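Peer 1: Pasting the sequence and the predicted model now:
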Amino acid sequence: MIASDEMGSGHLWVLESGYGFTVSILPDGRRHISDLFGPGAICNWTTFRAPKVRMNFMFVGGSNVNLLDGEELVAAFREQPQLQATIGRHEMARTLRTAQRTRALIALPGPDRMMTLLLDFRSEAGAAGLPKDPVRIPLRQGELGEFIGQTEVHVSRVLKSLKESDRIATWRDGFEILDPESEIRRLDYVDPFASGLHG
C-alpha cells in the first residue's frame, strides 16, 4: 500500500507493527526507496515538523499504523519538553543512518552497498527492541534494488556474491550476517541507535 502523508495530515504516524518505507517516484516512473521504518518508528516526523514537505509512504501488507492527534501531541510537548527532545534525538539518529547509507550508495561497490543496507535493517530491528539476527527483510529483491539503485538481476548477483564469500547466509524471510562486528568495522559502519548518538 502506498499512502501520502496528506492522508493523515495533522497526525503523527507511529508504526505499531510491520514495516514502512518512504518512496519517491522518479521522472522516468521508477520508484526509489529512501528510508525504512520498523515497529515503533515515527514515519512522518519530518513532515509533521515541516508540513510543506510532502512524502509518500509504502507499508508492507499487514502493517498497522497508529495516528496520534497532532494538537494533543503539541500540548504534550509543552507539558513535557523532554518528550519532544527525545523524539528529536531519535529522529536525528535516523537521519544520520540515512546519510551514512547514502554515502555508501555513492562510494562503495555493490556487495558493500548491500551489506550497508542489511546493517540498516539490523539497526532498525534493534531500535524496535526486536532480535537483530537473522536480519528480517520484508522486501522482494526488486524492492531491495530500489533501495540501492540496481536492477533485480544485479541484486540477485550481489546476494549470491555475499553468500559465496561467506558474508551472509540466507533464511526464508531474511539473511544472517555471519560476522556482523567484522562487517561493522570493515565498512566503518555506525549504528546511531546502538551507539548512543541519539541520546
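Peer 2: Here it is on my side, so go on. Note that this is a predicted model, so its numbers are computed, not measured.
Peer 1: all contacts plus neighbour counts: C-alpha atoms, from now on.
Peer 2: Will do.
Peer 1: Helix, strand, or coil at residue 90?
Peer 2: helix (DSSP: H, G, I helix; E, B strand; the rest coil).
Peer 1: repeat for residue 13
Peer 2: Strictly by three-state DSSP, residue 13 counts as strand.
Peer 1: Show me the shaky parts of this protein.
Peer 2: Within the chain, the stretches with pLDDT under 70 are 1-9, 51-53, 195-199.
Peer 1: Across the sheet, point out what pairs with the residue nearest to the spatial centre of it.
Peer 2: By Cα atoms, centre = their mean, the chain has its centre lying nearest to residue 36, at 2.2 Å. Note on residue 36: beta-bridge partners by DSSP bridges are residue 21.
Peer 1: What values do phi and psi take at residue 31?
Peer 2: Main-chain torsions, residue 31, degrees, to the nearest 10: phi -100, psi 150.
Peer 1: Contact partners for it?
Peer 2: By Cα atoms under 8 Å, 6 or more residues apart in numbering, the contact set of residue 31 is 23-25, 146.
Peer 1: Who does it form a beta bridge with?
Peer 2: Bridge pairing for residue 31 - DSSP bridges - gives residue 25.
Peer 1: you'd agree residue 149 is up against residue 34?
Peer 2: No - at 10.2 Å, residue 149 does not count as touching residue 34 under the criterion of Cα atoms under 8 Å.
Peer 1: Neighbour count: those two, which is higher?
Peer 2: residue 149 (19 against 15; other Cα atoms under 10 Å).
Peer 1: any idea how far the more buried one lies from residue 113?
Peer 2: Distance, residue 149 to residue 113, by Cα to Cα, to the nearest Å: 10 Å.
Peer 1: re the thing from before, could you flag which of the contacts of residue 31 are buried?
Peer 2: With burial judged by 16 or more other Cα atoms under 10 Å, the buried subset of the contacts of residue 31 is 23-24, 146.
Peer 1: Ramachandran coordinates for residue 177?
Peer 2: According to degrees, to the nearest 10, residue 177 has phi -80, psi 120.
Peer 1: Backbone dihedrals for residue 165, please?
Peer 2: With angles defined as degrees, to the nearest 10, residue 165 sits at phi -90, psi 10.
Peer 1: Distance to residue 157 for the buried ones among the contacts of residue 31 - can I get that in TSV?
Peer 2: Converted to TSV, those look like this (distance: Cα to Cα, whole Å):
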residue	distance to residue 157
23	24
24	25
146	15
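Peer 1: of all those residues, which comes closest to residue 76?
Peer 2: Closest approach to residue 76 among the buried ones among the contacts of residue 31 (Cα to Cα): residue 23, at 30.0 Å.
Peer 1: Do a quick rundown of the strands in this protein.
Peer 2: For the chain, the strands defined by DSSP state E cover 2-4, 11-17, 20-25, 31-37, 56-59, 64-69, 135-136, 168-171, 174-177.
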